[in-house]
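In: here is my input, please return the structure:
(chains A and B)
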Amino acid sequence: MNSAPSLAPEIRPIAGRDLIPLLAGLAIAVAPHALRSAWWLGVLTLALYLWRAAATSRRGILPSSGLLLAVAAFAVLGVWLEYRALFGRTPGIALLVLFSGLKLLESRNQRDAAAVVFLTWFLAITNFLYTQSIPTALGMCAAVAASVAALVGFAAPRRAPRANLRTAALLLAQALPAAALLFMLFPRIQGPLWGLPQDAYAGLSGLSDSMAPGNISRLTLSDAIAFRVEFERETPRRRLLYWRGPVLWDFDGRTWRLGSPGFAELAPPRGGARHDYAVLLEAHNRNWLFALETPASLPPRARYLDDGQIVTLAPLRTRTRYEMTSVTEAEPDAREEAHNLRRALRLPPGFNPRARALARSWRESSQNEPAADAGVLARAIEFFRRERLQYTTEPPLLGRDAVDEFLYETRAGFCEHFSSAFAFLMRAAGIPARVVTGYQGGDLNPVDGKFTVRQSDAHAWTEVYIRDRGWIRVDPTALSVPGRLDAGMARAVRAEDPLPLLLRPELEWLRELRYNWEALTHQWNLWVLGYNPERQRELMSWIGMRDADWLELASTLFALLGAFVAALLLWSLGRFARPDPAQATWELFCRKLRARGVARAPHEGPRDYSERAAGALPAAGEAIHRIGALYIALRYGRARPPAALAELRRRVRELQFG
Amino acid sequence: MALRVELKNWFYGFTPPEQGAIVLGHRRVYIVPSRLGLLFGAALAILLVGSINYALSLGFALTFLLAGMGLAGMVQTARNLAQLEVRAGRADPVFAGEAAQFRLGLVNSARHDRPEILLRHLASGAQRTADVGAASSAETALAVPAARRGWLPLGRVMLETRFPLGLFRAWSYVEPDSRCLVYPRPEPGALPPPAPSAQTGGVRAHAQGSDDFSGLRAYQPSDSPRHVAWKSVARSDLMLTKQFAGEAVAELWLDLQDAPASLGIERRLSRLAGWVLAAERAGARYGLRLPGAVLEPGRGEAQRAACLEALALFEAR
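Out: Next comes the predicted model:
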């Protein structure tokens, strides 16, 4: 018998078949967290899950609430000892992960288990705080599918699990159009709504606001993408690709730090070649936007600083897309404030006596030349070309007089050593100089034709101010190691130095694969992850809703969602077996007779009915008998000749009652 | 009062009782979120606020996927009931105090199955759950307690489902034209003596020795199993019934008058019902005499049913 006494979900116990998808979904959602956090957390959570599974297979040995409370107390204590906090992102998620195991052990009926399903979704979404990559998205889709299958299982406990799984898949497939509508049209608000925990953006990498020896070389061992660029027309030559970032003014003998630039109007540069491009910048939790030197336009809501940096008012905590125009090989701008030039000459006293002596000698020997500053610069450039300092990603440690040691003892360093030494020498020789950090180069992805700039392309160079000409870029690394600009870092460093995996020349095929993957990821970043209030506005104006406010968006959304539900309803109600044509014709016949006052009783078969109708309407008696016989033959007979159906139709159509 | 009934009929979309097969048109199917559904909504709201706060694009995507799933689930819950056909079947007579088994057929002409359809009898709270396969039918029976003799109409039945997600509850009411005959609760009591009453003309020829075996005859469905000649059935396949001399004598008249008047009419009817069962068990021929109705003596299932029905429907003046 396919019917049974019913149990309300509040008292229906969790069966093993319910537990399988429930545990599967939970495990998938928790696994990335377990790998990220302390090892004991993952082990303890897994033990709690297994405990629950064992309790189901051997009936009712669930722990008492006292024991559960004890386990919970130990878990909270453990999290406190591990992180020294209970709130904040990482400890909060650790607690949530442990709580999922405890809740599972506490769940006895299906209503409790539904709460575990909701918990699975929370845990799934917290993964996106760490990464929103395609694999993570796919994994969490699997977790959601499993948990939905569990939910369907609770609603239909006697149905085959495979049928329930199919229903879950169908539900998720049907959800896709609505989800897409909501994703595009739901009025987006730029977060955050409240203060975020201190550690919310830990782990975002990129350039920092200071430069000490070792800073940048550590960064360059990372393959992580800094930003991707799409040039509208041809790509500039690689040696011109200087992506300008923070400008460092103040030197304390070891570390270079940001100055205090003011906001300025962007003066369009003269000369050079114009390039239009769009940048998709990864979140780096700082205010800088990177642009090709020299910028000629500003993205909306960005500010220009008088030392040539482009900044936003809030740190970039999401992937950001902006459009830029830059001019390469532009003529420098000669205007500069006097106080800035004074700042660009300041040096801490008592450092690097040999470098100071060298700078003094350059100044003295060019004393009599008409353009003394240019002469000093020429001598400095000549010095770096001649000295052949070594380029290495593993620079030796330096002591107090870092510039002296680099120039005369170790003679090997990374771009931060080169630029720091050069700027120091220039200042010592009386020429204003500053250090510019950013990225140099990048590589073209042949799959989608876009430029990828990685953290391994991080670079530092210098700018010197020559009177009547302005700030001029000098890249001391390129002077000493000419190959750095054209061939990239891989060719420039010594063979035994460590390189990021992807820069190793022997892994060509891996690079191929990576190009394809990154092209896909770029589209993902651009269209899925980069979809923000701004892109929503763009999309809206593209479909003809200029300046749509949230009310318009919401009403459009509701209208479309309503249409979606109606369409789904019509589709699912319309999927019924069509009545067979003989049946339809017979029903038409019954309606015709009812109009003449001979209605078919619900219990009356076709033979009795046509018998009775023929008696009541003798003028059409013969036709009625024939129709009854035809219908019976078509409906119940073994052979169903098409000719009989045609005759039935004709006779019913032509039925006259005299 | 009449207006209220009419308003209710209009609201529920039908006028009871309904004849024949009842198709649950989608206008008759109501749907609201269940308690779990409300919790689901709250969970979605939290997920959404979190996604906004941390600007999580995939958080939005996941939240919206779940919201879309909720919508699809709502449609599927309604679909699980809509266009379902309910057919009331026969309900066999029962004695008062037992449960009347109202058979209900569910016919699914759709190409999808309809699991977990809960049928609840509103008046008594009796309920069953049925699963109906794709393009097939299922039969279930609601056990409705029969308290009093007479006709017991089925009354209103609610069909409810929460499939597939349990987030929504869809329901519909039907009131099929189905009723069950309820016999009086039989009260055990000693049979009245087989009164040699005036009508039968006293003792017949073989009045004595009612246990005297007098031969075999062909079995009739109404024969008591105690009289079947099992030994001969074992030998051949022929069902034969033993005949006893003097059977004709054990002819009883069960009369309402014979039941003690002090019991009250219902208990007297119960006593009579008890007598009918006892007489049938004893294999006697018996007749029933009620004010305004007389059933000639007879024997077997048909006689028993006729007598009990007369008792069930007896109306005291």
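In: which stretches of chain A have low pLDDT?
Out: Along chain A, segments meeting pLDDT under 70 span A:1-10, A:58-60, A:190-205, A:214, A:218, A:221, A:483-507, A:548, A:574-580, A:658.
In: and residue 15, what does it touch?
Out: All of this refers to chain A. A:56, A:157 (CB atoms under 8 Å, 6 or more residues apart in numbering or on different chains). (C-beta placed from N, C-alpha, C; glycine too.)
In: to clarify, I was referring to chain B.
Out: Contacts for residue B:15 (CB under 8 Å, 6+ apart) come out as residue B:9.
In: from residue B:175, how far off is it?
Out: Distance of residue B:15 to residue B:175, computed by CB to CB, to the nearest Å: 9 Å.
In: whichever residue of the stretch 551-658 of chain A sits closest to chain B: neighbour count?
Out: In the stretch 551-658 of chain A, the residue that lies nearest chain B is residue A:602 (3.5 Å; CB to the nearest CB). For residue A:602, the number of neighbouring residues by other CB atoms under 10 Å in any protein chain shown comes to 10.
In: which stretches of the stretch 301-450 of chain A form helices?
Out: Secondary structure of the stretch 301-450 of chain A (DSSP state H, counting those that start in this stretch): helices at A:338-343, A:353-365, A:372-387, A:402-404, A:415-428.
In: return the most buried member of these.
Out: Most buried of the helices of the stretch 301-450 of chain A, by mean neighbour count (mean count of other CB atoms under 10 Å in any protein chain shown): helix A:415-428, with a mean of 26.
In: before we move on, back to that, confirm that the residue of the stretch 551-658 of chain A closest to chain B sits in a strand.
Out: No - in this structure, residue A:602 is coil, not part of a strand, as judged by DSSP: H, G, I helix; E, B strand; the rest coil.
In: my guess is it contacts residue B:87. True?
Out: No - Residue A:602 is beyond contact range of residue B:87, at 10.0 Å (criterion: CB atoms under 8 Å).
In: okay, and the common contacts of the two?
Out: B:20-21.
In: and residue B:143, its phi and psi?
Out: With angles defined as degrees, to the nearest 10, residue B:143 sits at phi -90, psi 100.
In: number of nearby residues for it?
Out: Count around residue B:143 with other CB under 10 Å applied: 17.
In: just grab the bridge partners of it for me.
Out: residue B:101 (DSSP bridges).
In: so what pLDDT did it get?
Out: Listed pLDDT for residue B:143 reads 91.
In: check the offset of the host helix or strand of residue A:44 from the chain's centre.
Out: For residue A:44, the element it lies in under DSSP states H and E is helix A:39-57. Here helix A:39-57 is found 32 Å from its chain centre; the criterion is CA atoms, centre = their mean, to the nearest Å.
In: now do it: which elements does it pack against?
Out: Counting contacts by 3 or more CB pairs under 8 Å, 6 or more residues apart in numbering or on different chains; DSSP states H and E, helix A:39-57 packs against helix A:16-36, helix A:65-83, helix A:89-106.
In: how about residues contacting the second one?
Out: Helix A:65-83 is contacted from outside by A:37-38, A:40-41, A:44, A:48, A:63, A:86, A:90-91, A:94-95, A:98-99, A:102, A:105-106, using CB under 8 Å, 6+ apart.
In: could you flag which of those residues are buried?
Out: A:37-38, A:41, A:44, A:48, A:63, A:90-91, A:94-95, A:98-99, A:102, A:105-106 (16 or more other CB atoms under 10 Å in any protein chain shown).
In: show me what contacts the closest residue to residue B:255 other than its chain neighbours?
Out: Excluding its sequence neighbours, the residue lying closest to residue B:255 (CB to CB, 6 or more residues apart in numbering or on different chains) is residue B:289, at 4.2 Å. By CB under 8 Å, 6+ apart, the contact list for residue B:289 reads B:253-257, B:295.
In: export those as CSV, with columns for neighbour count and pLDDT.
Out: Formatted as CSV, the contacts of residue B:289 follow (neighbours: other CB atoms under 10 Å in any protein chain shown; pLDDT from 0 to 100):
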residue, neighbour count, pLDDT
B:253, 19, 85
B:254, 25, 86
B:255, 18, 86
B:256, 19, 84
B:257, 10, 84
B:295, 17, 88
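In: could you identify the most distant pair in those residues?
Out: Spanning the widest gap among the contacts of residue B:289 are B:257 and B:295, at 14.9 Å by CB to CB.
In: out of the helices of the stretch 301-450 of chain A, flag the one nearest chain B.
Out: Here helix A:415-428 is closest among those (CB to the nearest CB), at 32.7 Å.
In: helices and strands around the closest one, which ones?
Out: helix A:215-219, strand A:242-251, helix A:353-365, helix A:372-387, helix A:402-404, strand A:433-440, strand A:458-466, helix A:476-480.
In: near residue A:593, how many residues? Count them for me, please.
Out: 23.
In: if I look at it, how far off is residue A:364?
Out: 124 Å.
In: how about residue B:183?
Out: 131 Å.
In: ok and the residue in the stretch 51-200 of chain B nearest chain A?
Out: Nearest residue of the stretch 51-200 of chain B to chain A: residue B:68, at 3.2 Å (CB to the nearest CB).
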